[in-house]
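**Q** Pasted the sequence and its predicted model underneath.
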Amino acid sequence: MTKTFTYNLTFKLQMMLMTLLAMTALPIVMLWYHNSEKVMFQTIERLYQYSSANLKERLDEQFQDARQIFEQQTRIRQELINIVADSSLLLDHIVTMLNHHYNVDYYYFANPQGGLLSFGYSNGGFTLLQSAQEKAGPLNSFTTNFNGQKRQFTAMRGFFDARERDWYKDSLKTDQPVWSKMYPGAVDTSLLGISLTKAFRDEAGKLLGVWGVDLTLNSLIKELKSNKLSDNGEVLLFNNDGQILASTDKRHTLQNGQLPSINKQATPVISQLLRQNTASTDTVKLVDTGQQQWVALTSYYQLAQNNVINILFYSPLSDFSPPLNTVKRAGLLFTIVISLLALFIGALATRHVLKPIHQLILATRRIREGDLHTRIPLKRRDEVGLLADNFNQMSDHLVSTLQALRAEQDKTLRLNALLEEQNHSLETRVAIRTRELKAANQKLKHMAYSDYLTGIANRRSFWERLENDSQCQPGWLLLMDLDNFKRVNDQYGHHIGDNILKHFAQVCDGILRHNLEDSEALFGRIGGEEFAIWLPGIDDDTVQQLSSQLMDGLKKCPYLHNGQSIYVSTSIGASYCQQDPHQAYATADQRLYDAKEKGKNQAVLSS
Ligand SMILES: Nc1nc2c(ncn2[C@@H]2O[C@H](COP(=O)(O)OP(=O)(O)OP(=O)(O)O)[C@@H](O)[C@H]2O)c(=O)[nH]1
């Protein structure tokens, strides 16, 4: 299995592509994934900041009406001095101002005697509160129309002295409008209120009364709800005393006319947030309560110098998870799609690269099996195409080289055959020539050592043999000279003389062979009509007998010529040769001379 992978080029290429893809795509996906969370947090933060700004804007709008009333009072201050002196003018003024500032619920004036005149909007209608005697005492309540005309008496509260109220007292401490703390409504304790009051004095500084504006902030809850970022998210406002002023969480409602404490009412996320450093505002914080993760943002609204409204947004992180999960799933899907695409492209690329290599392998296998005309049918302009072209050219070259080699081989075979044939012919001729030469040599040797006329040893041959043999063994040397041969020549002619010489040699040779079968006797012609016989190892008697037989043989065997017998005789001189053949020859020659002198046809042997 491992071997298959190790030697599988396709697998290797795929793995290489996958590794490259992983090395490229993984950081991108991780960056994307990481950025998705980061982007999500940034998005949440911006949404919170947007909601926070929107909420502050709404708070501004809420409080702006009240501020504008006092700004306007400053402009009509002189006129107001007269107005506060007349209760009907005062009511007209209050009604007119209230109807022009829709965010203001109650507008009222308390005189230095503790009396109150208040007009406002509550419970779907207009209400007029008026001290019965324009001073501290009973306080009557009426329903009215929009311009303050009384319709119905609704209630009378007991003794009411404005001077005992904190807002009255606090206003006297400064010339500026004073925001009260938020509080549950005096009449409807489910309502959240806030007052802006300001002392009113004449030019001499004499106190003429205290103006007051009440705002009910219940519409804030609607605003908070509209600024909730998620279904399970909450938005709440609380002051620096830890009192929850408004909240989208139903558990944070006024109870028994008391504002809920943020510490007592704290949910796990709030307590966790309060434990954290809340100094950094308008920044999203991740709060892990152990059971759930929350994203929270704190901000604040500066109502007055010492009056801050804290704003808190928080939502479970899971409310934002679906989009994040969508992004994660998209990232995963993207990775899978890219991986599959890379595999597909890798497969195509691998096929593109490997196809010609497989063709090349197939072609080389065919060539190895002998099909030299195999070619790779590939036309590409890349390196693989170049490789195929080179391979095809190499195959062409191989074919032409092999053809040339075969032609050379045939030529060499033909030449070898021709050479062999010529060698054979030459050998035959050489053999013939050698045989001829040998025969010629033998002939020449024979001619050199034989007498041309008689065929027996000539003088040189005889002497060589005599000199050699006489060194080894002593023997008898016989010299024979035909008697009166001049007369034969003269009588019968030289030609017949030659024939008689040949006849003489044959007769002597026959006698020698007959008598000396195993002997090493040598018979030679040493001159014109002179012959010699070397008889090694022959005793004196035998020589004597042989000489007689030779002479007798010539008598018995004449040469026949034209029916006529021609008899020839010979004189013989013989000497015994010990070692010196020349001495022996001289001695034999002397004995031959002696034989001639004694009458010829006889043998004289040296004693
Ligand atoms: N036909 C022939 N004659 C030869 C040859 N060689 C020598 N003769 C002859 O032999 C003769 C020898 O003569 P001589 O020396 O006078 O001797 P002869 O006549 O034999 O007398 P004697 O020797 O005294 O018996 C000469 O006439 C030579 O010409 C030869 O080869 N053929």
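**A** Great, that's in hand. Residues are numbered from 1 along each chain as shown.
**Q** Do you know the pLDDT at the closest residue to Arg165 other than its chain neighbours?
**A** Leaving aside its sequence neighbours, Arg165 sits nearest to Ala110 (Cβ to Cβ, 6 or more residues apart in numbering; 7.7 Å). No exception for glycine: its C-beta is placed from N, CA and C like everyone else's. pLDDT for Ala110: 96.
**Q** ok, so what distance separates Ala110 from the ligand?
**A** According to Cβ to the nearest ligand atom, to the nearest Å, Ala110 and the ligand sit 204 Å apart.
**Q** how about Val95, what does it touch?
**A** Phe119, Phe146, Asn147, Gly148 (Cβ atoms under 8 Å, 6 or more residues apart in numbering).
**Q** hang on, the earlier thing: can I assume the residue nearest to Arg165 is in contact with Leu207?
**A** No - the criterion here is Cβ atoms under 8 Å, and Ala110 misses it with Leu207 at 10.6 Å.
**Q** Settle it for me: which of those two has more neighbours?
**A** Neighbours per residue (other Cβ atoms under 10 Å) separate Ala110 from Leu207, with Ala110 holding more: 26 against 13.
**Q** which ones are touching the more buried one?
**A** Going by Cβ under 8 Å, 6+ apart, Ala110 touches Leu116, Ala162, Arg163, Arg165, Tyr168, Gly209, Val210, Gly212.
**Q** Distance from the helix or strand containing Asp594 to the middle of the chain?
**A** Asp594 is part of helix 581-597 when elements are defined by DSSP states H and E. Counting by Cα atoms, centre = their mean, to the nearest Å, helix 581-597 is centred 119 Å from the centre of its parent chain.
**Q** can you pull the buried residues of the next helix or strand after that helix?
**A** Remark: after helix 581-597, the chain's next helix or strand is strand 603-605, criterion DSSP H and E. Within strand 603-605, the residues scored as buried using 16 or more other Cβ atoms under 10 Å are Ala603, Val604, Leu605.
**Q** correct me, but the second one touches Lys596?
**A** Translated: Val604. No - with contact defined as Cβ under 8 Å, Val604 does not count as touching Lys596 (9.1 Å).
**Q** quick one: common contacting residues for those two?
**A** With Cβ under 8 Å, 6+ apart, Val604 and Lys596 have common neighbours Ser571.
**Q** Regarding whichever residue of the stretch 101-250 of the chain sits closest to the ligand, what is its secondary structure?
**A** As assessed by Cβ to the nearest ligand atom, the ligand sits closest to Ser230 within the stretch 101-250 of the chain, at 162.7 Å. Under DSSP: H, G, I helix; E, B strand; the rest coil, the three-state class of Ser230 is coil.
**Q** From Asp396, how far off is it?
**A** Distance, Ser230 to Asp396, by Cβ to Cβ, to the nearest Å: 78 Å.
**Q** So those two - more neighbours on which side?
**A** Using other Cβ under 10 Å as the criterion, Ser230 and Asp396 rank with Ser230 on top: 17 against 13.
**Q** on that earlier part again, most surrounded residue in the contacts of Val95?
**A** By neighbour count, taken as other Cβ under 10 Å, the most surrounded of those turns out to be Phe119 (27 neighbours).
**Q** can you give me the helices for the stretch 501-607 of the chain?
**A** 540-556, 581-597 (DSSP state H, counting those that start in this stretch).
**Q** quick one: least confident helix or strand in this protein?
**A** helix 2-6 (a mean of 54; mean pLDDT, DSSP states H and E).
**Q** mean confidence for the following helix or strand past that one?
**A** Downstream of helix 2-6, the first helix or strand assigned by DSSP H and E is helix 9-75. Helix 9-75 shows a mean pLDDT of 80.
**Q** Which element is encountered next along the chain beyond helix 9-75?
**A** Assigned by DSSP H and E, the successor of helix 9-75 is helix 77-83.
**Q** Would you mind putting the CA coordinates of the following helix or strand past that next one into PDB?
**A** Using DSSP H and E, the helix or strand that follows helix 77-83 towards the C-terminus is helix 87-100. C-alpha atoms of helix 87-100 as PDB (Å, rounded to 0.1, in the frame of the first residue of the first chain):
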ATOM      1  CA  SER A  87     -53.400  83.600  39.200                       C
ATOM      2  CA  SER A  88     -55.500  83.700  36.000                       C
ATOM      3  CA  LEU A  89     -52.600  85.100  34.000                       C
ATOM      4  CA  LEU A  90     -50.300  82.500  35.600                       C
ATOM      5  CA  LEU A  91     -52.700  79.700  34.600                       C
ATOM      6  CA  ASP A  92     -52.900  81.000  31.000                       C
ATOM      7  CA  HIS A  93     -49.100  81.200  30.900                       C
ATOM      8  CA  ILE A  94     -48.700  77.700  32.300                       C
ATOM      9  CA  VAL A  95     -51.300  76.200  29.900                       C
ATOM     10  CA  THR A  96     -49.800  78.000  26.900                       C
ATOM     11  CA  MET A  97     -46.200  76.900  27.700                       C
ATOM     12  CA  LEU A  98     -47.300  73.300  28.300                       C
ATOM     13  CA  ASN A  99     -49.200  73.100  25.100                       C
ATOM     14  CA  HIS A 100     -46.000  74.200  23.200                       C
END
